[in-house]
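> any chance you can model this:
(one chain, ligands or ions: 1)
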Amino acid sequence: MAQLSIVSGSVGLITLQNPPVNALSAAVRQGIVDTVEKALSDPKVKSVVIRGQNGVFCGGADIKEFGTKMTGPHLIPMIHAIEAGNKPMVAAIEGSALGGGLELALGCHYRVAHSKARLGLPEVTLGLLPAAAGSQRLPRLIGVPAALNLITTGRHVTAAEALQLGIVDQVTDHDTVDTAVKFALNVAGQSLDARRISTFPCPRPAELDALFEDAMQKVRKSARGAIAPVACVQAVRAAATLPYAEGLERERELMATLFNSGQARALQYCFFAQRAVGRWSTPSGARWDTSKPVPVPKAAVIGLGTMGRGIAVALAQTGLSVVAVETQEKQMMEAKQAVSGMLERGAKRRGVAPVSDKISYSGNIRAVADVDLVIEAVFEDMAVKEKLFQQLSAICKPGALLCTNTSALDVDHLASQTRNPELVVGMHFFAPAHVMKLLEVVYGRRSSTQAVATAMQLGKKMGKVSVAVGNCRGFVGNRMLKPYIEQAFYLLEEGATPELVDRALEEFGFSMGVFRMSDLSGLDVGWRVRKGDGLVEPGLASGPSARVRQGRRYSPLGDLLCEQGRFGQKTGRGWYQYEKPGGRVARSDPWLHSFLEGYRARHGLVARRIDHEEVLERCLYALINEGFHILEDGIAAGPEDIDVIYVFGYGWPRHRGGPMFYAGMVGLAKVLERLEHYHQAHPDVPHLQPCSLLRRLVASGSPPIHKWREVIRKLHSHL
Ligand SMILES: CCCCCCC[C@H](O)CC(=O)SCCNC(=O)CCNC(=O)[C@H](O)C(C)(C)COP(=O)([O-])OP(=O)([O-])OC[C@H]1O[C@@H](n2cnc3c(N)ncnc32)[C@H](O)[C@@H]1OP(=O)([O-])[O-]
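The predicted model follows:
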């Protein structure tokens, strides 16, 4: 797993061999220990280069080992032996040097990187800290403020930035190993006293306390409730204030707490879940590894409202030629201006030229005749979309894919409006579409394998985390949101306030509670959907029947607010009040509190004290219960798909792994028991009735989440 050869007569070349990213598994660590020992004791070897196989230096510790009984040599003494050795060691960094990979490189006396390489200490994103002395060496090398930034955010830096920061000694556009070997030949025999980072004094910035206080506040604000960023700050503080050996001990203690925490497990689960959704399959037999996508050099977006603009920008930034169609002149003018602003800002951020020339605009739908793929983002109204799909089917060239960005409507029905229903899929983007990472690719009953594969590949090219899901009302994300929002409304009826509900959810880790989120996205959106479903009955009717629709409990609170013109931020009033229409700072609104009191009085509801635990249980378990229904119905292939959708599209705190992972952490039996409890208390709320898949999983002994598929498979087996 690591090999030593001798090159250029006197350079020992150690190659890490563990594809695809040369993670530091037990075998690789043993290989490094053995080859370093050999190189140090071989008189022919005057200096050493360490590189990774296949153009990747090293992706860090082997994350797959973390959940197992770890064996093999420990990283710290292994890296220490490299640093303490009496022959110059040069890291030849190609591809990535991340986490333990960069820590290994920091143990070397010199670092040479290819210009395309990326370096970083991303442990914090896995719920950990750089515990192979990275938290102690990096501040000594580049100073406390820069090290704090890298370690608490986990961001990857380019080779150019690494050179500027002083992490690497040389950057090359040529063959990295050749360059590193030349470097090694040059430094052979030189004193290493000034090259051992662990012996450097850590630069002590002025205002040390203020600096760390500020860093602590920043991480507490940006990662609510996450413990790893806090531990990262503490570890760097140890580097700045303690001798190296004591700092190392502090790093070890902090890592021990993190290593076995639920948060680390959740974040590492997210890492693998994000990759697992790329290995998608559908019930019709389409699969990520066998279905062939068709090339999409030219695409069209129809409808240039908020979603359409974001989609057009995202497509253009991916390098596609884009035809943007909008039939309303005023909307077109505004869209053109907005899109060019978005492209310019995006280009500035990425340090490239804007790609405005990639987009051509037209007021005529016939302009899409020669594109390979169309994404419609028109008004969320079935009649409008039906007509559009009929038109597209007649206009588009044979084989062109027709995609809908609907967030809830029936993809099969839209497909039935076309001559080639196999070419229709949903591509459900999330606003703002050029920023948000999530894409739900919705396959219909008749979508071809090629159509699904093409949409999935396009999503990947656009840098999206794409999840293939089945067709049902709201697909995965919005279908689960419905019971969650519904519970929040019921809690208001029973005595809670928007502030109380939001605080509970934000303390749980959501960046925004349900009411603040609704105000941001616009209350009129849900109102329109409920109207379409025949649920809205105007007026202030009282009595129990005013809160029943289609035989089940219903809360008209959202409808009543909309009737008052309170649509959220855009109108300056919603569940909160804002300084002006379009304002962003939510403030409590006394009007709303007296409105709630009046509402309860009119309906004979007695307010009771509701605590955070009930808010979380009612909102989250109702959402999770719907997740089990989605798995039972085969709409999502596995719990990872649901979790990835919630983490990337709905602000679910990543350190809690996603709703289905969270259910496993809480304990499926407990979730079942609490749902039963709440369903007994609210028998007219079907969403609280525990799903039979949840019962089945509990009856099978609550298996760990990676084994749920076995129970689900049995459920779908026709044998
Ligand atoms: C008490 C104990 C003390 C321990 C001390 C530890 C100290 C240390 O500080 C901790 C760490 O290093 S923590 C680690 C810190 N390091 C990080 O956080 C880096 C994590 N890795 C990455 O960010 C990306 O994988 C790269 C940018 C490296 C490559 O991106 P790309 O080219 O788009 O490729 P891709 O699709 O992403 O991955 C390809 C395949 O490789 C797999 N795999 C990858 N890394 C792995 C790993 N470390 N391990 C295992 N597997 C890893 C990945 O799952 C996938 O497998 P699949 O079966 O094909 O699905």
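> tell me how far whatever residue of the stretch 551-700 of the chain ends up closest to the ligand lies from residue 452.
The minimum distance from the stretch 551-700 of the chain to the ligand, using C-beta to the nearest ligand atom, falls at residue 640 (11.6 Å). (Glycine included, C-beta is placed from N, CA and C.) In this structure, residue 640 and residue 452 are 18 Å apart, going by C-beta to C-beta, to the nearest Å.
> so what's residue 537 scoring on pLDDT?
Predicted confidence (pLDDT) for residue 537: 81.
> next one: residue 547
88.
> and it, how close does it get to the ligand?
Plainly put, residue 547 is 48 Å away from the ligand if you go by C-beta to the nearest ligand atom, to the nearest Å.
> correct me, but that residue touches residue 600?
No. Residue 547 is not in contact with residue 600 according to C-beta atoms under 8 Å; the separation is 11.1 Å.
> the more surrounded of these two?
Neighbour comparison, residue 547 and residue 600: the larger count goes to residue 547, with 19 against 16 (by other C-beta atoms under 10 Å).
> now the more buried one, nearest residue through space, not along the chain?
Sequence neighbours aside, residue 554 is the residue nearest to residue 547 in space, at 5.8 Å (criterion: C-beta to C-beta, 6 or more residues apart in numbering).
> how about residue 89?
Counting by C-beta to C-beta, 6+ apart, the residue nearest residue 89 is residue 108, at 4.2 Å.
> gap between the one you found and residue 88?
8 Å.
> go on, residue 488?
62 Å.
> look at these two and report which has more neighbours.
Higher neighbour count among residue 488 and residue 88: residue 488, with 28 against 24, using other C-beta under 10 Å.
> got phi/psi on the more buried one?
Residue 488 adopts backbone torsions of phi -60, psi -40, taken as degrees, to the nearest 10.
> might one say that it is in contact with residue 616?
No. If you go by C-beta under 8 Å, residue 488 and residue 616 don't touch, sitting 11.2 Å apart.
> next one: the residue in the chain positioned nearest to the ligand, what pLDDT does it get?
Nearest residue of the chain to the ligand (C-beta to the nearest ligand atom) works out as residue 99 at 2.4 Å. We have a pLDDT of 98 for residue 99.
> overlap of the contact sets of residue 488 and residue 616?
Both residue 488 and residue 616 lack any common contact, where contact means C-beta atoms under 8 Å, 6 or more residues apart in numbering.
> near the ligand, which residues of the stretch 101-250 of the chain show up?
Taking C-beta under 6 Å from any ligand atom as the contact definition, the stretch 101-250 of the chain meets the ligand at 103, 122-123, 126, 128, 130-132, 134.
> how many residues are close by the residue nearest to the residue of the chain closest to the ligand when sequence neighbours are not counted?
The shortest distance from residue 99 to any non-neighbouring residue, by C-beta to C-beta, 6+ apart, is to residue 60 (2.7 Å). Neighbour count of residue 60, defined by other C-beta under 10 Å: 28.
> quick check, residue 60 in contact with residue 24.
Yes. Between residue 60 and residue 24 there is a contact at 6.6 Å, judged by C-beta under 8 Å.
> by mean pLDDT, point me to the weakest helix or strand of the protein.
helix 708-716 (a mean of 84; mean pLDDT, DSSP states H and E).
> from the contact counts, what lies against that helix?
Judged by 3 or more C-beta pairs under 8 Å, 6 or more residues apart in numbering; DSSP states H and E, helix 708-716 is in contact with helix 612-632, helix 692-699.
> return the most buried member of these.
helix 612-632 (a mean of 23; mean count of other C-beta atoms under 10 Å).
> residues of the chain that sit close to the ligand?
Counting by C-beta under 6 Å from any ligand atom, the chain sits next to the ligand at 20-21, 23, 59-64, 75, 96, 98-100, 103, 122-123, 126, 128, 130-132, 134, 255, 259, 272, 275.
> recalculate using a threshold of 5 Å.
20-21, 23, 59-64, 96, 98-100, 122-123, 130-132, 275 (C-beta under 5 Å from any ligand atom).
> look up how far residue 596 lies from the residue nearest to residue 674 when sequence neighbours are not counted.
Distance criterion C-beta to C-beta, 6+ apart; nearest residue to residue 674, sequence neighbours excluded, is residue 617 at 5.1 Å. The gap separating residue 617 from residue 596 is 21 Å, by C-beta to C-beta.
> what does residue 527 give?
Where residue 596 is concerned, residue 527 sits at a distance of 18 Å (C-beta to C-beta).
> just residue 88 next, same as before
Distance, residue 88 to residue 596, by C-beta to C-beta: 72 Å.
> for the stretch 351-500 of the chain, which segments are assigned as strands?
Ranges of strands within the stretch 351-500 of the chain are 359-362, 373-376, 401-404, 424-429, 438-443, 465-469, based on DSSP state E, counting those that start in this stretch.
> right, I mislabeled it, should have said the stretch 1-150 of the chain
Under DSSP E, counting those that start in this stretch, the stretch 1-150 of the chain gives strands at 2-7, 11-16, 47-52, 89-93, 96-98, 110-114, 118-120.
> number of residues surrounding the residue of the chain closest to the ligand?
With other C-beta under 10 Å as criterion, residue 99 counts 28.
> which one is residue 657 nearest to, not counting chain neighbours?
Closest to residue 657 by C-beta to C-beta, 6+ apart is residue 266, at 3.2 Å.
> got a pLDDT number for the closest residue to residue 400 other than its chain neighbours?
Leaving aside its chain neighbours, residue 400 sits nearest to residue 372 (5.8 Å; criterion: C-beta to C-beta, 6+ apart). Per-residue pLDDT puts residue 372 at 98.
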